[in-house]
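Enquirer: Need coordinates for the following:
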Amino acid sequence: MSIFRLLIGSIALLAATRLLAQVEPIPPPSPPTGPTVILADRALDGRGGTLRNIRIGVADGRITSLAAPDARTVIDLRGYTVLPGWIDTHVHLDSHFDRAGRIATDKEPVAEAALGIAAAAWESLMGGFTTVQSVGDPREKPLRDAIRDHGFPGPRVLTSLAPIEGDSTVSPDQLRALVRERKAQGADLIKIFASSSQRVGATPTFTEDQLKILCDEAKAVGLRSMVHAYRSQVAAAARAGCREIEHGTYTTSEDILVAVGAGAFISPQVGLVVQNYLDNKPRYLGVGNYTEEGMATMARDIPEDFAICTQAVHTPGAKVVFSTDATAGAHGRNAEEFIGRVRYCGQSPMAALVSANAVAADAIGMADHLGQLAPGYEADIIALDGDPLSDLTAVRRVVFVMRGGVVYRWLGIVEHRR
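Expert: This is a model prediction of the structure:
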């Protein structure tokens, strides 16, 4: 599908969503019933293993076998590296540049915002990310639903809708009500700001007791929690029972140990988000807290990001999950985070890749059907031009993308029909 067709489709997204709400639900198009066989002479299984000379059977959107018999349709990916589609557990699909090339605000026309959000999702899919967790904005819900329920092209989307922000004066009942409200609105998880932005001081916004109330209530209503945290708020969120802790800049090795001991997923960002802000600084400046001072703070403290990431990936038992915090300018380039984690944190290429497969699937509660090349798992399959274990820049060269058995990207691949 061309980007032109994607944009034309997204123009109608909001109108279509309103119409669909007034009629009986239309089921999504079924994936090809198959069987299809994908030939691969080199594959990564998503758990840390390497597979050789396999025949991946695909039918009804799922992997049926790694030693499939002959089929009418054969996709030949020999010569490439095949692996499960990547999962990015922290993006912001709502963040995009407007028609003037500036970071979009809530004053942007609704239809143009829909275009920007849909384009961000499409770019993510083309970059090899078949599942993204976007945290968050209510405008992401129509896109999530259109992809899930009506076959609109894009990655599988999970969204927190609006994040929960506040201060120490918010009562326990108010906090619980906020979580229940997100649940009622259709959120897939709860995003909590435990700290202010790095650009304005990274100071605490909730107490540990408040974090516990929020994360306990999320569990009670069947939702996961993700916490934006700096400094000692990392340990506070972990002790509060929160599931995933993002950023962690300015924290200590002791705080990381607390998070590891609590079993929380940890996600520092080192390869994309700050670099993207700095590369696109003129497009951001003057909006919200995007100031010269804030940008200078992020640039100055990049070594702090590297330090906490290095500490995390070298702590035994740490569940370091893949997330990028991708915003406008970064969508589709999410794989730069792999390179950053290996280059600046000393993580092995295999561990970095697994963090976006089996580890990420576990973090989003989908380990039983995403993140692995194995029978019964979703047929989310990508291919790279090169071997990322010996040349990590291969993650920039995605030549094939299949999600749920449907092929969305296909560059120079041979298909045989019998």
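
Enquirer: Doesn't His228 lie inside a helix?
Expert: No: per DSSP: H, G, I helix; E, B strand; the rest coil, His228 lies outside any helix segment and is strand.

Enquirer: What residues sit buried inside the helix ranked longest in the chain?
Expert: Looking across the chain with DSSP state H, the single longest helix is helix 110-126. Across helix 110-126, burial judged by 16 or more other Cβ atoms under 10 Å covers 113-126. Yep, even glycine has a C-beta here, placed from its N, CA and C like the rest.

Enquirer: and if you look at stretch 181-192?
Expert: Neighbour counts over stretch 181-192 (16+ other Cβ under 10 Å) mark Arg182, Lys183, Ala187, Asp188, Leu189, Ile190, Lys191, Ile192 as buried.

Enquirer: cool, stretch 270-288 as well?
Expert: For stretch 270-288, by 16+ other Cβ under 10 Å, it's Val270, Gly271, Leu272, Val273, Val274, Gln275, Asn276, Tyr277, Asn280, Arg283, Tyr284.

Enquirer: Between the two ends of it, what distance do you get?
Expert: 23 Å (Cα to Cα, to the nearest Å).

Enquirer: quick one: Leu125 and Gly154, what's the gap?
Expert: Here Leu125 is placed at a distance of 6 Å from Gly154 (Cβ to Cβ, to the nearest Å).

Enquirer: How about the contacts made by Leu370?
Expert: Contacts of Leu370 were listed using Cβ atoms under 8 Å, 6 or more residues apart in numbering, and they are Pro84, Ile87, Thr131, Ala361, Ile364, Tyr377, Glu378, Asp380.

Enquirer: which residues touch the fifth one?
Expert: For Ile364, the residues meeting the contact criterion (Cβ under 8 Å, 6+ apart) are Ile87, Thr89, Thr131, Gln133, Leu158, Leu189, Arg224, Leu370.

Enquirer: With distance to Arg239 as extra columns, can I get those in TSV?
Expert: Formatted as TSV, the contacts of Ile364 follow (distance: Cβ to Cβ, whole Å):
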residue	distance to Arg239
Ile87	27
Thr89	21
Thr131	29
Gln133	23
Leu158	25
Leu189	20
Arg224	17
Leu370	29
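
Enquirer: Looking at these, which are in strands?
Expert: Among the contacts of Ile364, the members found in strands (DSSP state E) are Ile87, Thr89, Thr131, Gln133, Leu158, Leu189, Arg224.

Enquirer: for these, which one is nearest Pro69?
Expert: Using Cβ to Cβ, Thr131 comes nearest to Pro69 of the ones in strands among the contacts of Ile364, at 29.2 Å.

Enquirer: so what's that closest one bridging to?
Expert: Counting by DSSP bridges, Thr131 forms beta bridges with Ile87, Arg156.

Enquirer: quick revisit: from the ones in strands among the contacts of Ile364, which is closest to Leu51?
Expert: Closest to Leu51 out of the ones in strands among the contacts of Ile364 is Ile87 (19.4 Å), distances taken as Cβ to Cβ.

Enquirer: Quick check, the closest one in contact with Gly371.
Expert: Yes: the criterion here is Cβ atoms under 8 Å, and Ile87 meets it with Gly371 at 6.3 Å.

Enquirer: hey, what's in contact with both of the two?
Expert: By Cβ under 8 Å, 6+ apart, the residues touching both Ile87 and Gly371 are Asn357, Ala360, Ala361.

Enquirer: ok, now which ones touch Gly405?
Expert: Taking Cβ under 8 Å, 6+ apart, one finds Pro31, Pro32, Gly34, Thr36, Val58, Ala59, Asp60, Gly61, Arg62, Ala379 in contact with Gly405.

Enquirer: What about those residues, which are in strands?
Expert: Thr36, Val58, Ala59, Arg62.
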